[in-house]
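> model this:
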Amino acid sequence: MKCLLCESLSLTHICNTCQTTFLTPSIYKRKILNNIEVISFYKYKEIKDLLHTKHTNLGYYIYSILAKNSMKKFASEFEYPNTITSIAIDDHIQSGYSHTAILNKALKSRYIKPNFNKLRANNRVSYSGKSREFRLLNPREFKLKEFKTNEVILIDDIITTGSTLTQAVQVIHSNKKEVLFCLTLADAGI
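Presented below is the predicted three-dimensional model:
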């Protein structure tokens, strides 16, 4: 097959050279709710076309590559006094897979235990390309299923206005759990 970026022959959808050249993550930080840190690995504009594959069959492979280069690397370097839980935003299956579940699964490590199917939106409205006002007028109405640990890392693919993560954090806090920080692939604000 050919690499999607350089069109050289490759055994993967994006060759190792392009992964090193274009998909080496950086760290970008911002805060939501005045104190919850959101750590992102890419500028949205740099991987926009790759992110838009998320509801296609190709998206499974692209998100797996992005997760390996960012989330898995983060997890391998992360240390904490005890094991904590990672939860993906609305990891329901679309197009045969869940893009946020792929990201969450890559975090499995000595200190991080991914949990799946724990945070679901009752309102399935799409926020893609919508204004902050639209997002505020159409809350996701998250429901949190029970799990044992109290400390959580929250996972999503993109942070735009921060309203999705903010709503999720509020639901998690209302269930007596603590969000340590959030991880996203890309930040649209930088």
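
> who does the helix or strand of the chain with the lowest mean pLDDT touch, helix- and strand-wise?
Across the helices and strands of the chain, mean confidence by mean pLDDT, DSSP states H and E is lowest for helix 132-137: a mean of 78. For helix 132-137, the packing partners by 3 or more C-beta pairs under 8 Å, 6 or more residues apart in numbering; DSSP states H and E come out as helix 163-174. C-betas here are computed from N, CA, C, even on glycine.

> now the strands for the chain?
28-32, 36-43, 84-88, 112-115, 119-121, 142-144, 151-159, 178-187 (DSSP state E).

> please tabulate those strands in TSV, including the columns distance to S128 and mean pLDDT.
Converted to TSV, the strands of the chain look like this (distance: least, C-beta to C-beta, whole Å; pLDDT from 0 to 100):
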stretch	distance to S128	mean pLDDT
strand 28-32	19	97
strand 36-43	17	98
strand 84-88	17	97
strand 112-115	25	98
strand 119-121	14	91
strand 142-144	18	93
strand 151-159	9	97
strand 178-187	13	98
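
> now these as CSV including distance to G59?
Below are the strands of the chain laid out as CSV (distance: least, C-beta to C-beta, whole Å):
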stretch, distance to G59
strand 28-32, 22
strand 36-43, 16
strand 84-88, 15
strand 112-115, 19
strand 119-121, 19
strand 142-144, 23
strand 151-159, 10
strand 178-187, 12
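
> contacts for the least confident helix or strand of the chain?
Helix 132-137 is contacted from outside by Y127, T161, S163, T164, using C-beta atoms under 8 Å, 6 or more residues apart in numbering.

> how about low-confidence regions in the protein?
95 (pLDDT under 70).

> find the nearest non-adjacent residue to the residue positioned nearest the centre of it, please.
Nearest to the mean C-alpha position of the chain, by C-alpha atoms, centre = their mean, lies D156 at 2.6 Å. In space, D156 comes closest to I89 once its chain neighbours are excluded; the distance is 4.3 Å by C-beta to C-beta, 6 or more residues apart in numbering.

> and for the nearest residue to H173 once chain neighbours are set aside, the neighbour number?
In space, and not counting its chain neighbours, H173 is closest to V179: 7.0 Å by C-beta to C-beta, 6+ apart. As a burial measure, V179 scores 20 neighbours (other C-beta atoms under 10 Å).

> got the end-to-end distance for stretch 25-41?
The first and last residues of stretch 25-41 sit 5 Å apart, counting by C-alpha to C-alpha, to the nearest Å.

> again with stretch 46-59
16 Å.

> residues in contact with it?
13, 22-23, 44, 62-63, 66, 94-97, 99, 157-158, 185-186.
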